[in-house]
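[1] Turn this into a model:
(one chain, ligands or ions: 2)
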Amino acid sequence: MLNFDFHNPTRIVFGSESIPRLADLVPGDARVLILYGGSSAEKNGTLDEVRAALGERRVQEFGGIEPNPSYETLMRAVAQIRREKLDFLLAVGGGSVIDGTKFVAAAVNFPADPWEILLGHGQNVDSALPFGSVLTLPATGSEMNSGSVITRRETQAKLAFMSPHVFPQFSILDPTKTYTLPPRQIANGVVDPFVHIVEQYLTYPVGGMAQDRFAEGLLQTLIEIGPQALATPEDADVRANLMWVATLALNGLIGAGVPQDWATHMIGHELTVAHGIDHARTLAIVLPSLLNVQREHKRAKLLQYAARVWQITEGDEKQRIDEAIERTAQFFESLGVNTRLAAYGLGREAIPPLLAQLEAHGMTAIGEQHNIDLAVSRKILEGAL
Ligand code: NZQ
Ligand code: ZN
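    Numbering: from 1, shown residues only. Ligands and ions are numbered 1, 2, ... in the order given. Reported below is the predicted structural model:
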């Protein structure tokens, strides 16, 4: 196993009717900014519950954080906080709102242009405003991690930063708040954590036995409950499990002490910026092809994945690996998530601009062995046509 340093300070308050707990989770004298997305949190009553729980505190609101949150929008929240001297942030929404809130929290007191936070990958962040979240969309794990992904529309850049200063202080996970999610977002909420787990598991063996078994258990749970989450939207147990699995997929636990890949995410981010494809859908396009192209480097773990996650034990090694990759793609397709570029209206001509974007963002040696250069990325994208 590799050496590691694991610290996750986020408090999770899980279960139905948990939103009133905000009354004791948010300091009584806080000057609060509630940040949210479009209309979903207002329509399904979540915002009203949040407002009620905050009681007599001084509260302002900032709505309109879009999916794949933009620097341009978020800087307006930064200006409001500076102007109104607010000191506590509360994100109400999915990954985009929580990621956006992390950026805002770090940007308010940042001594230079806050875009530098992204260019410095967060290593230049020395402090951030305290914040909590009320999660309405299980998918990204942002509710219990220190990562954030921000898009600058002006320059077509979607970049990530990480900082220990942007762990949420707490996150409220009420599975009943996911009942209003449309099937498209539920499917995204199965695929995104599935790929998060794969990016931390399907690399090369280092003897992380517990990490491997955790990862395999989480993958199998997603395979079991993914179709149920779509078929029976108000099944409380299924939604509770989906929410907790999505959080566990990217809260640092299964990634501690093992190599990590993340190339699928880096290539996927370029597809979102260039073509507006949902984050999870970009992953469903890239992952099967990446596993195929990287099959020699990932051989041992692919065979383990085939046997332990999909119970594939028959055939020679090539056949077992082929079948594991095929089953992965079929799983995504069965959720209504297309795995081919053609299904999104993209052909061969889309590939050179994506490679140029990868190059512009320094993504020329990615993957757990840093061996995915632009030529390999080209192969991966061609394999997904
Ligand atoms: O904007 P509103 O009206 O609220 O609607 C949202 C949005 O349109 C809707 N929604 C959320 N909760 C709902 C709901 N609709 C009905 N009922 C509810 N309860 O869902 C839509 C998508 O929301 P969004 O937050 O964009 O989705 P998701 O949670 O998938 O977040 C995606 C973003 O997270 C980043 C992605 O890159 C992308 O920008 N990621 C963040 C990560 C992290 N911080 O660790 C890791 C991930 O790999 C990912 O990169
Ligand atoms: Zn993701």
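[2] Helices along the stretch 201-350 of the chain, start to end?
    Across the stretch 201-350 of the chain, reading from the start of the chain, the helices by DSSP state H, counting those that start in this stretch fall at 209-231, 236-249, 263-275, 279-293, 299-310, 317-334.
[3] can I get the ones you listed in JSON lines with mean pLDDT?
    Converted to JSON lines, the helices of the stretch 201-350 of the chain look like this (pLDDT from 0 to 100):
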{"stretch": "helix 209-231", "mean pLDDT": "98"}
{"stretch": "helix 236-249", "mean pLDDT": "98"}
{"stretch": "helix 263-275", "mean pLDDT": "97"}
{"stretch": "helix 279-293", "mean pLDDT": "98"}
{"stretch": "helix 299-310", "mean pLDDT": "98"}
{"stretch": "helix 317-334", "mean pLDDT": "98"}
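[4] and those, which is most packed in?
    Mean neighbour count, computed with mean count of other C-beta atoms under 10 Å, is highest for helix 279-293 among these, reaching a mean of 26. The way it works is simple: take the backbone N, C-alpha and C, and place the C-beta from them, glycine included.
[5] got the angle between that one and helix 263-275?
    130 degrees (axes from the mean of the first three to the mean of the last three C-alpha atoms, to 10 degrees).
[6] send the alpha carbons of helix 279-293 over as CSV?
    Extracted in CSV, the C-alpha atoms of helix 279-293 (Å, rounded to 0.1, in the frame of the first residue of the first chain):
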residue,chain,number,x,y,z
HIS,A,279,-20.5,15.6,-16.7
ALA,A,280,-21.5,12.0,-16.0
ARG,A,281,-22.3,11.4,-19.7
THR,A,282,-18.9,12.5,-20.8
LEU,A,283,-17.5,9.8,-18.4
ALA,A,284,-19.7,7.1,-19.9
ILE,A,285,-18.3,8.0,-23.3
VAL,A,286,-14.6,8.0,-22.3
LEU,A,287,-14.3,5.2,-19.7
PRO,A,288,-15.0,2.1,-21.7
SER,A,289,-12.7,3.2,-24.5
LEU,A,290,-10.0,4.2,-22.0
LEU,A,291,-10.1,0.8,-20.3
ASN,A,292,-9.8,-0.8,-23.7
VAL,A,293,-6.8,1.4,-24.8
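[7] Okay, angle between that helix and helix 317-334 too, please.
    Between helix 279-293 and helix 317-334, the angle formed by their directions is 170 degrees, by the same axes, to 10 degrees.
[8] Any residues of the stretch 51-200 of the chain in contact with ligand 1? List them.
    For the stretch 51-200 of the chain, the residues in contact with ligand 1 under the definition C-beta under 6 Å from any ligand atom are 67-68, 93-97, 99, 136-137, 139-142, 145, 147-149, 177-178, 180-181, 185, 188, 192.
[9] Mind checking which of the residues you listed land in helices?
    Among those, the residues falling in helices (DSSP state H) are 95-97, 99, 185, 188, 192.
[10] Take those and lay them out in a markdown table including distance to Val273 and pLDDT.
    Written out in a markdown table, the entries for those read as follows (distance: C-beta to C-beta, whole Å; pLDDT from 0 to 100):
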| residue | distance to Val273 | pLDDT |
| --- | --- | --- |
| Gly95 | 16 | 98 |
| Ser96 | 14 | 98 |
| Val97 | 19 | 98 |
| Asp99 | 15 | 98 |
| Gln185 | 20 | 98 |
| Asn188 | 17 | 98 |
| Asp192 | 17 | 98 |
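[11] Closest to Thr232 out of those residues?
    Distance to Thr232, by C-beta to C-beta, is smallest for Gln185 among these, at 16.0 Å.
[12] give me every residue that touches the residue lying closest to the closest one once chain neighbours are set aside.
    For Gln185, the nearest residue in space outside its immediate sequence neighbours is Leu137; the separation is 6.0 Å by C-beta to C-beta, 6 or more residues apart in numbering. For Leu137, the residues meeting the contact criterion (C-beta atoms under 8 Å, 6 or more residues apart in numbering) are 93-95, 178, 181, 185, 189.
[13] Drop anything exposed from these.
    Those of those that meet the buried threshold are 93-95, 178, 181, 185, 189, by 16 or more other C-beta atoms under 10 Å.
[14] helices or strands next to the helix or strand that contains Ala41 in the packing?
    Taking DSSP states H and E as the criterion, Ala41 maps to helix 40-43. Applying 3 or more C-beta pairs under 8 Å, 6 or more residues apart in numbering; DSSP states H and E, one finds that helix 40-43 makes contact with helix 46-54, strand 88-93.
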